[in-house]
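**Student:** I would like to see how this sequence folds:
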Amino acid sequence: MTGWAPDVSALSVGGIALLVFSVVWGVRTDPQKPFAWGMYSGSAKGFLYSTVENRTIPLPLEKFHVSPDGHFLDPVELRRALCVPSPVPAFDGVIIGSKGNWRVAYDPESRRLRVAQIAHGAEIPALTCVLRKVE
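**Tutor:** As a prediction, the model looks like this:
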């Protein structure tokens, strides 16, 4: 008596199609999508803020000619972005990434960017502290 056996090739094709769909969905980033694997894999995001007329406001990364949806901003990239000819205000901030976490502060008079590494595990409290300052 022959028993029922599933068609292994059909299951394999279906499994591969599902895997391909999952990977494509996971790496695609979209503003309306709450999560994408590509958002955090090998990325570093900066949050910069400045104080203007006694108000602490976030600075848009476009001001530094850095793409807001770019997935990598580290101190080296930020230094490169500060070479723009237009004036940049004084700012502070944090950069949190897969290759390290930093506090940053820029003084436009001396054109100096100060960078201090944040210890592993202390990045979320540092970001929380910064977010509480911003209006």
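
**Student:** Quick check: buried residues in stretch 128-135?
**Tutor:** residue 130 (16 or more other C-beta atoms under 10 Å). For the C-beta atoms, the positions are set from N, CA and C on the backbone; glycine is no exception.

**Student:** for stretch 106-119, same thing?
**Tutor:** 106, 113, 118.

**Student:** Going by residue numbers, what spans are strands in this structure?
**Tutor:** 44-52, 55-58, 91-97, 100-107, 112-117 (DSSP state E).

**Student:** Adjacent strands (with direction) for the second one?
**Tutor:** Meaning strand 55-58. Partner strands and pairing direction for strand 55-58 (DSSP bridges) are strand 44-52 (antiparallel).

**Student:** Report the mean confidence score over the strand it pairs with.
**Tutor:** Per-region confidence: strand 44-52 scores 85 on mean pLDDT.

**Student:** Only C-alpha atoms, please: export it in PDB.
**Tutor:** Only the C-alpha atoms of strand 44-52 are listed here, as PDB (Å, rounded to 0.1, in the frame of the first residue of the first chain):
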ATOM      1  CA  ALA A  44      24.500  54.800  13.100                       C
ATOM      2  CA  LYS A  45      22.000  57.600  13.600                       C
ATOM      3  CA  GLY A  46      22.600  61.100  14.900                       C
ATOM      4  CA  PHE A  47      20.400  63.300  17.000                       C
ATOM      5  CA  LEU A  48      21.700  66.800  17.100                       C
ATOM      6  CA  TYR A  49      20.200  69.800  18.900                       C
ATOM      7  CA  SER A  50      20.900  73.500  19.400                       C
ATOM      8  CA  THR A  51      19.800  76.200  21.800                       C
ATOM      9  CA  VAL A  52      18.200  79.200  20.100                       C
END
